[in-house]
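A.B. asks: Coordinates for the following, if possible.
(one chain, ligands or ions: 1)
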Amino acid sequence: MGETVPVFQRVAIIGLGLIGGSLASAIKKHNLAAMVVGADQSQSDLAYALKNRVIDEAAASVAEAVKDADLVVIAVPVRATEAVLRQVKPALGAQALLTDVGSTKASFVNAVRSVFGERLPACIPGHPIAGSEKSGIAAANPELFARHKVILTPPDDVDATQLARLSALWEGCGARVLTMAVEYHDEVLAATSHLPHLIAFSLVDTLAGEDENLDIFRYAAGGFRDFTRIAASDPVMWHDIFLSNQQAVLRVIDHFTHDLDQLRTAIAEQDGATLLRVFSRAKAAREHFSKMLSGQAYVTTNKQKQVTFNVQPGGKMTGDIRVPGDKSMSHRSIMLGALADGITEVNGFLEGEDSLATLQAFRDMGVTIEGPDNGFVRIRGVGIDGLQAPRGPLYLGNSGTAMRLFSGLLAPQAFDSELTGDASLTGRPMGRVADPLRSMGAIIETAEGGRPPLKIKGGQVLEGFHYDMPIASAQVKSCLLLAGLFAKGTTSVTEPAPTRDHTERMLAGFGYPVKRTGATASVVGGGRLAASAIDVPADISSAAFFLVAATIAEGSDLTLRHVGMNPTRVGVINILRLMGANIEVSNEREAGGEPVADLRVTSAKLHGIDIPEAEVPLAIDEFPVLFIAATCAEGKTVLRGAEELRVKESDRIQVMADGLEQLGVHTTVTPDGIEIVGGQTLGGGTVDSHGDHRIAMAFAMAALRAEGAITITDCANVATSFPGFVELAQQTGIHITAEGA
Ligand code: NAP
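C.D. replies: Numbers count the residues shown, from 1 in each chain. Below you'll find the predicted structure:
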């Protein structure tokens, strides 16, 4: 942190108020400069700063402070900047770096240009996002910037060494440094800081002007105090800020008054639906925002978090449980519920990061969605033609499914839209859906290589068409069928091999006819969807871990409720049964067009098998845990025809083989599968899941039959597909704890 080697020799701080004084004392405290010299128009402030060791030297003038300084910091009110720069100019050394702390950035850049003309000095504007309602040197505090952000707005041709030094100075004060463009800074701050201050000033002033003002303030509740705290900020400083950031502030004020007017109208017209929509969207945005602020949002931060599972050996599986809802169906229930007429109530919704992003995206398009609350969601459908233009790009987290399905839904809308996602989603190709949609008449722009963001031009009339899918993909099929709901005539898709049919089934569940002839599914555009109640089936891919666990652990008897039994997904049950598992299927029924059932599993002695190739696509996600079952079986199990496993979240064949090897189990890896001879001793050890949630959960199950404890690293992604996994595993009999969760 630069505690021992000073980053600068002589730092001159012009303006020793709250921010200048705090920076000076932080630099001294952390030994970030050999010498800190201050200048201020007030002699008493200067004397105070020297006496209290905020600075090393008090300069008699700005020029005296600046002479020989290698860093000059302007910390005066924004509107005083230009006058101060005129005093700085003659004394500023050729090698010196100029910076500031002002709350608006374009104004500083303009002032530097107007004072220095053609011969611009090295200059990196800055803005610490830290402060208080107090001002002046007496409020200075060396810890003011600790754990706060500092925004630097370097020019394009910035000297990298200078930028690194200035960043090191702020980091040495405990701050986190971000860089952005000047204009972007001013837009962002107008919205997040300037507008809230304006509203606080205005609200307090309005109430203070009421006749009963004293009483109003006397009875003011805590919310009022919190909300209006910032109205005690320095009026001069804020006067400067609003006048300096005029254009950006005016834009955001106009936007806000328009929205406030809408709320006024809604109240006047007793329009509860609009109020509910705006409030629930705001509440959700606030929660999302709090998550972001505490660093837990979405997958990028999940990946940064290190979660390790520690699993003690032994145990038996008992109980009566329901695993979280199916992800594919959770996504689709929101999409179809939003487009339906009437209210759709969803139970068993998977509250994972991806499905939450889908939910938020529909809120951004004007759909009122309540929840999720313990898997319950209520969607007030807007009808097939009721989506509204979102204000900005729709963020879909890490979900490739969502992006492909959304492109089908949005291509036929009247409004323009843009789809983005996290870093990993942004790297995935979307040409597979964009190309056939273009054949229907859609206008879609992608980034290089057909990758997101997808920019969709609204107002196009799509024509129904027939598509022979070159590669079997449920996502492409679903995308085109969804576009087909809005297209003229019939849209049909033929698949080269069977793929999951959740979209077709759920459309039928919402009363929209889907025709199925052989390998072709088709819809006729122009119909409507009727709201429906959906009990999302428990995800069979999540249930699979418990099916294997209860089979391999002696003395187990476990019931899994409401498990999705879509024929394209039940390979894991078929394979386990072929190996000798006891799985009883009962209470078979339909939910939202999907077959579901309850499963009871008791322990069984398994034997190795040649896995029939026809079962492979039906169990493709379940192989990691099936490999654990094979390890516990008697005799050899052979898997072939599963090369797809090598390109999942990890190379699942190699990563599983490596993990088993760590536990003392030898396997033979083949290009398209694996051979596992069961009955070898399963020892303890440490296994790297490579961030693959299914690998992590599979090894947690292996501990039931291991002779020692198993440690599994890189498990943060489990929370995305299976929230509550560790708790449910503990509750049913696995001795598991999670570290760092
Ligand atoms: P402050 O406490 O009022 O300090 C400003 C200091 O600059 C005062 O000591 C003032 O002297 C001095 N000054 C004014 N005009 C001058 C001139 N022409 N020559 C020399 N010194 C002069 O204000 P602050 O809160 O530190 O704000 C300073 C800058 O930081 C502003 O640009 C503000 O936008 C920015 N900022 C403030 C905050 C915050 O929360 N306060 C947060 C981030 C950034 P007098 O006392 O004699 O007027």
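A.B. asks: Next, count neighbours for the spatially closest residue to Asp672 that is not a sequence neighbour.
C.D. replies: The shortest distance from Asp672 to any non-neighbouring residue, by Cβ to Cβ, 6 or more residues apart in numbering, is to Glu643 (4.4 Å). No exception for glycine: its C-beta is placed from N, CA and C like everyone else's. Neighbours of Glu643 under the rule other Cβ atoms under 10 Å: 13.
A.B. asks: Glu643 contacts Pro671, correct?
C.D. replies: Yes - counting by Cβ atoms under 8 Å, Pro671 is a contact partner of Glu643 at 6.7 Å.
A.B. asks: if I look at Gln270, how far off is the ligand?
C.D. replies: Per Cβ to the nearest ligand atom, to the nearest Å, Gln270 is found 42 Å from the ligand.
A.B. asks: Quick one: residues contacting Gly733.
C.D. replies: Shown in contact with Gly733 (Cβ atoms under 8 Å, 6 or more residues apart in numbering): 315-319, 553, 556.
A.B. asks: do the same with Ala83
C.D. replies: Ala83 neighbours (Cβ under 8 Å, 6+ apart): none.
A.B. asks: Is it in a helix, a strand, or coil?
C.D. replies: Here Ala83 is recorded as helix under DSSP: H, G, I helix; E, B strand; the rest coil.
A.B. asks: The one 10 residues further on now?
C.D. replies: Put simply, Gly93 is coil when judged by three-state DSSP.
A.B. asks: same question, Gly371
C.D. replies: strand.
A.B. asks: does it really touch Arg380, like I thought?
C.D. replies: No - between Gly371 and Arg380 there is no contact under Cβ under 8 Å: 11.7 Å.
A.B. asks: More neighbours: the two, which one.
C.D. replies: The neighbour comparison of Gly371 against Arg380 (other Cβ under 10 Å) goes to Arg380, with 20 against 17.
A.B. asks: Correct me if wrong: the more buried one contacts Arg363.
C.D. replies: No - Arg380 is beyond contact range of Arg363, at 10.8 Å (criterion: Cβ under 8 Å).
A.B. asks: Please identify every residue contacting each of these two.
C.D. replies: Ile369.
A.B. asks: Residues of the stretch 51-200 of the chain that sit close to the ligand?
C.D. replies: Residues of the stretch 51-200 of the chain found near the ligand (Cβ under 6 Å from any ligand atom) are 75-78, 80, 83-84, 101-103, 127-128, 131-132, 135-136.
A.B. asks: Could you rerun that using 8 Å?
C.D. replies: 62, 74-78, 80-81, 83-84, 87, 100-104, 127-137, 139 (Cβ under 8 Å from any ligand atom).
A.B. asks: Of the residues you listed, which count as buried by neighbour count?
C.D. replies: For these, a burial check counting by 16 or more other Cβ atoms under 10 Å picks out 62, 74-78, 80-81, 84, 87, 100-104, 127-131, 135, 137, 139.
A.B. asks: Any idea how many residues pack against Glu504?
C.D. replies: That count, for Glu504 with other Cβ under 10 Å as the rule, works out to 22.
A.B. asks: Apologies, that question was intended for Asp157.
C.D. replies: Look at Asp157: counted by other Cβ under 10 Å, it has 5 neighbours.
A.B. asks: ok, whichever residue of the stretch 351-500 of the chain sits closest to the ligand - contacts?
C.D. replies: Closest approach between the stretch 351-500 of the chain and the ligand, counting by Cβ to the nearest ligand atom: Gly392, at 26.5 Å. When the contact criterion is Cβ under 8 Å, 6+ apart, the partners of Gly392 are 364, 418.
A.B. asks: For the residue nearest to Asp672, give its distance to the ligand.
C.D. replies: Taken as Cβ to the nearest ligand atom, the span from Glu643 to the ligand is 57 Å.
A.B. asks: and what of Ala614?
C.D. replies: Separation of Ala614 from the ligand (Cβ to the nearest ligand atom): 66 Å.
A.B. asks: How is that residue assigned, secondary-structure-wise?
C.D. replies: Of the three states, Ala614 takes helix according to three-state DSSP.
A.B. asks: where does the stretch 1-150 of the chain have low pLDDT?
C.D. replies: Applying pLDDT under 70 to the stretch 1-150 of the chain flags the ranges 1-4.
A.B. asks: could you pull out the helices for it?
C.D. replies: For the stretch 1-150 of the chain, the helices defined by DSSP state H, counting those that start in this stretch cover 18-29, 43-51, 62-66, 81-88, 106-116.
A.B. asks: how big is the angle separating the fourth one from helix 106-116?
C.D. replies: Helix 81-88 and helix 106-116 meet at an angle of 40 degrees, taking axes from the mean of the first three to the mean of the last three Cα atoms, to 10 degrees as the criterion.
A.B. asks: where does this structure have its least confident helix or strand?
C.D. replies: In the chain, no helix or strand scores lower on mean pLDDT, DSSP states H and E than helix 298-304, which sits at a mean of 36.
A.B. asks: After that helix, heading C-terminal, what element do we hit next?
C.D. replies: strand 308-312 (DSSP states H and E).
A.B. asks: Sheet partners, orientation included, of the very next helix or strand once past that following strand?
C.D. replies: Scanning forward in sequence from strand 308-312 by DSSP H and E, the next helix or strand is strand 318-321. Note on strand 318-321: by DSSP bridges, its sheet partners are strand 557-564 (parallel).
A.B. asks: Flag every buried residue along the strand it pairs with.
C.D. replies: Within strand 557-564, the residues scored as buried using 16+ other Cβ under 10 Å are 558-564.
A.B. asks: Hmm, Val514 and Val523 touching each other?
C.D. replies: Yes - between Val523 and Val514 there is a contact under Cβ under 8 Å: 5.6 Å.
A.B. asks: bridging residues for Thr344?
C.D. replies: Applying DSSP bridges to Thr344 gives these bridge partners: Ile379.
A.B. asks: contacting residues around it?
C.D. replies: If you count contacts by Cβ under 8 Å, 6+ apart, Thr344 has them with 333, 336-337, 378-379, 381, 531-534.
A.B. asks: Secondary structure and neighbour count added to these, as a markdown table?
C.D. replies: Formatted as a markdown table, the contacts of Thr344 follow (DSSP: H, G, I helix; E, B strand; the rest coil; neighbours: other Cβ atoms under 10 Å):
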| residue | secondary structure | neighbour count |
| --- | --- | --- |
| Ser333 | helix | 33 |
| Leu336 | helix | 26 |
| Gly337 | helix | 29 |
| Arg378 | strand | 16 |
| Ile379 | strand | 27 |
| Gly381 | strand | 23 |
| Ala531 | coil | 19 |
| Ser532 | coil | 21 |
| Ala533 | strand | 13 |
| Ile534 | strand | 29 |
